[in-house]
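Colleague: Need coordinates for the below:
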Amino acid sequence: MNRIKRGGGSPEAGEAGGPETGGRKAGDPEAGDRKTGDQRVENRETGTGRPGSEGPGPDRSREIADFLRSRRARVTPGQAGLPSDPRGRRVPGLRREEAARLAGVSTEYYTRLEQGRATNPSPEVVEALCEALRLDASEREHLTDLLARPTAARRTPARPQRVRPGLHLMLRTLEHVPAFVLGRRTDVLAANRLARAVLTDFDALPVRQRNLARYYLLDPVARERTGDWERIAAETVATLRLEAGRYPHDRQLADLVGELTLHSPEFTAWWNDHRVLRRTHGAKHYRHPLVGNLYFSYESLQPPGDGDQTLCVYNVEPGSPTHQSLQLLSSWTATQEQPTPHQSAPGGRGVPDS
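Modeller: All right, here's what the predicted structure looks like:
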């Protein structure tokens, strides 16, 4: 099975753990783990005394280490409210002992966390880390996923993704604007006529090639049509990073990452910066060869009943130039569109998992 390519990284020079920080906060979740020496911390670290617990494998440990190190490196002492250090710094951002002190844990314990050797930290510890490293909502979600104990559900291949008839009906109801449904790995599960006209005709592609990340990073047309292509493509890589943390054993995601690594010159650098993102809303700009510039305000919504599907709607201001251009494009595509061999009936379209 192909593995998801992890970003490289070596331990930082001059950052040996050092002595534990003193002055542990009252109510510190780590403090309760010292009831019998370090017994409870050892239980949490190794899984002893926890039936069915399992530590992360080498790839998972590297993922945890690289993510924490990259987030720590971007926080300056000034941002964290720490005094300036006259000794100077050999690494950017916070030192390990500073991050530990801000999170209210010992340097030793933080080092074990950053090395992926302290599994299943309490929610209080995770929240303290998020605060100390100034993580946003997507990063908090990602760190929680990385530190979570592996479960059978995360190892079991998902069932084929299918769009229910009600969502197909919604896409037809939204026919005046581009709208589509994304599944795992940014697979395009369904798209209405304007979405296929503005981006690309996903229905004309074999099922396994209907993927938004593959479109943005590997299709030369996407570079031509997408305004601010670099930002959009990098954000798409960040959404894949977020999903890789939640589903580390997804073989199709690993295959996609491998394909993008081989064929996209920019992908590896974006993947290795460990940025994560869950898209919710924002702006998009496309340059269409027939109608020119199109400007959208997009909304991404999770339909009830399937947390792995996302409804994406590209909204426009009524009466705006983009609105008028879409009306022209809709009229033109209505006369041009013909069923393709790869199209499937509403309710039956899906991307198989294996």
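Colleague: Poorly predicted segments of the stretch 201-350 of the chain, please.
Modeller: Where the stretch 201-350 of the chain drops to pLDDT under 70, the residues are 337-350.
Colleague: Three-state assignment for the residue lying closest to V221 once chain neighbours are set aside, please.
Modeller: The spatially closest residue to V221, leaving aside those adjacent along the chain, is T200, at 6.3 Å (Cβ to Cβ, 6 or more residues apart in numbering). Where C-beta positions appear, they are placed from N, C-alpha and C, glycine not excepted. Classification of T200 using DSSP: H, G, I helix; E, B strand; the rest coil returns coil.
Colleague: Quick check: the gap between T200 and L240.
Modeller: Taking Cβ to Cβ, to the nearest Å as the measure, T200 and L240 are separated by 19 Å.
Colleague: which of the two has more neighbours?
Modeller: Using other Cβ atoms under 10 Å, the more surrounded residue of T200 and L240 is L240, with 23 against 19.
Colleague: Following the helix or strand where the more buried one lies in sequence, what is the next regular element?
Modeller: According to DSSP states H and E, L240 maps onto helix 229-246. Downstream of helix 229-246, the next assigned helix or strand under DSSP H and E is helix 251-263.
Colleague: quick one: that next one to helix 229-246, angle?
Modeller: Relative orientation of helix 251-263 versus helix 229-246 (axes from the mean of the first three to the mean of the last three Cα atoms, to 10 degrees): 140 degrees.
Colleague: List the neighbouring strands of the helix or strand harbouring V188 plus their orientation.
Modeller: V188 belongs to strand 188-191 when assigned by DSSP H and E. Partners of strand 188-191 in the sheet, by DSSP bridges, are strand 179-182 (antiparallel).
Colleague: tell me which residues in the helix holding L240 are buried?
Modeller: 229, 232-246 (16 or more other Cβ atoms under 10 Å).
Colleague: what does stretch 288-302 give?
Modeller: Buried-residue list, stretch 288-302, by 16+ other Cβ under 10 Å: 288, 291, 294-296, 298.
Colleague: Touching it from outside, list them.
Modeller: Residues outside stretch 288-302 that contact it (Cβ atoms under 8 Å, 6 or more residues apart in numbering): 177-178, 197-198, 225, 227, 279-287, 309-316, 320-322, 325-326, 328-329, 332.
Colleague: E235 versus the residue lying closest to A197 once chain neighbours are set aside, what's the distance?
Modeller: Spatial nearest neighbour of A197, excluding adjacent residues (Cβ to Cβ, 6+ apart): T333 at 4.7 Å. For T333, the distance to E235 equals 27 Å [Cβ to Cβ].
Colleague: Check A128 too.
Modeller: Taken as Cβ to Cβ, the span from A128 to E235 is 28 Å.
Colleague: repeat for L82
Modeller: On the measure of Cβ to Cβ, L82 and E235 end up 31 Å apart.
Colleague: Among the contacts of stretch 288-302, which are located in strands?
Modeller: Residues of the contacts of stretch 288-302 located in strands (DSSP state E): 281-287, 310-315.
Colleague: just to revisit the earlier point, so who does the residue nearest to A197 touch?
Modeller: Counting by Cβ under 8 Å, 6+ apart, T333 has contacts 193-194, 196-197.
Colleague: Send over the biggest strand by length in the chain as PDB, restricted to the C-alpha atoms.
Modeller: Assignment by DSSP E gives strand 292-301 as the longest strand of the chain. Presented in PDB, the C-alpha positions along strand 292-301 are these (Å, rounded to 0.1, in the frame of the first residue of the first chain):
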ATOM      1  CA  GLY A 292     -14.400  36.700 -19.700                       C
ATOM      2  CA  ASN A 293     -13.900  37.500 -16.000                       C
ATOM      3  CA  LEU A 294     -16.200  35.900 -13.500                       C
ATOM      4  CA  TYR A 295     -16.200  36.800  -9.800                       C
ATOM      5  CA  PHE A 296     -17.900  34.700  -7.100                       C
ATOM      6  CA  SER A 297     -18.500  34.600  -3.400                       C
ATOM      7  CA  TYR A 298     -18.500  30.900  -2.600                       C
ATOM      8  CA  GLU A 299     -20.000  29.100   0.400                       C
ATOM      9  CA  SER A 300     -19.100  25.500   1.400                       C
ATOM     10  CA  LEU A 301     -21.700  23.700   3.400                       C
END
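Colleague: hang on, the earlier thing: could you check the angle the helix holding L240 makes with strand 292-301?
Modeller: Going by the same axes, to 10 degrees, helix 229-246 makes 20 degrees with strand 292-301.
Colleague: Which residues does helix 229-246 contact?
Modeller: 4, 63, 138, 141-142, 145-146, 154, 184-186, 212-213, 216-217, 222-223, 226, 250, 253, 256-257, 260, 266-267, 270-271, 274-279, 284.
Colleague: Distance check, the residue nearest the centre of the chain against E235.
Modeller: Nearest to the geometric centre of the chain sits L242, at 2.0 Å (Cα atoms, centre = their mean). From L242 across to E235, the span is 11 Å (Cβ to Cβ).
Colleague: Report the buried residues of stretch 120-140.
Modeller: In stretch 120-140, counting by 16+ other Cβ under 10 Å, buried: 120-121, 125-130, 132-133, 135, 138-140.
Colleague: Check stretch 259-276 too.
Modeller: In stretch 259-276, counting by 16+ other Cβ under 10 Å, buried: 259-260, 264, 267-268, 270-272, 274-276.
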